[in-house]
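Engineer: Kindly return the folded structure for what I paste below:
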Amino acid sequence: IFPNPCKDFLHIELADFSTNHSISIIDVYGNEVFNSFFANSQLQLNMAGFSSGIYFLRISSNTNVINCKIIKR
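Structural biologist: Next comes the predicted model:
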């Protein structure tokens, strides 16, 4: 996941792309502000419309869940 902090685009690269993944972005208040599914090993999220601040990124598959903090400038 790069760059972090991000300004316009957030790039996500996964080593395991054999299954579909869901991606959620949650703000600091616990509100889900983005949710989508993808089946590729690479994804580029347009963060330009998001307000500056801290968000939590959750990537889920059938076998794994990845949580991380991202900063939007």
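Engineer: For the spatially most central residue of the chain, which residues count as its bridge partners?
Structural biologist: The central residue of the chain, meaning the one whose C-alpha is nearest the mean C-alpha position (Cα atoms, centre = their mean), is L57 at 4.4 Å. Beta-bridge pairing for L57 (DSSP bridges): I25, C68.
Engineer: what about the protein, any weak spots by pLDDT?
Structural biologist: Judged against pLDDT under 70, the low-scoring parts of the chain cover residues 16-18.
Engineer: residue boundaries of the strands in the protein?
Structural biologist: Counting by DSSP state E, one finds strands in the chain at the ranges 9-13, 21-27, 32-38, 42-46, 53-60, 65-72.
Engineer: Identify the residue spatially nearest to E13, adjacent ones excluded.
Structural biologist: Leaving aside its sequence neighbours, E13 sits nearest to Q42 (Cβ to Cβ, 6 or more residues apart in numbering; 5.1 Å). The C-beta positions use only the backbone N, C-alpha and C, and glycine is treated the same way.
Engineer: P5 touches R73, doesn't it?
Structural biologist: Yes - with contacts defined as Cβ atoms under 8 Å, P5 counts as touching R73 at a distance of 4.9 Å.
Engineer: close enough to count as contact, the residue nearest to the centre of the chain and K72?
Structural biologist: No - counting by Cβ under 8 Å, L57 sits too far from K72 to count as a contact (10.8 Å).
Engineer: chain center to stretch 29-42: distance?
Structural biologist: The gap between the average C-alpha position of stretch 29-42 and the chain average comes to 6 Å, counting by Cα atoms, centre = their mean, to the nearest Å.
Engineer: neighbouring contacts of it?
Structural biologist: Residues from elsewhere that reach stretch 29-42 (Cβ atoms under 8 Å, 6 or more residues apart in numbering): 11-15, 17, 19-27, 45, 50, 55.
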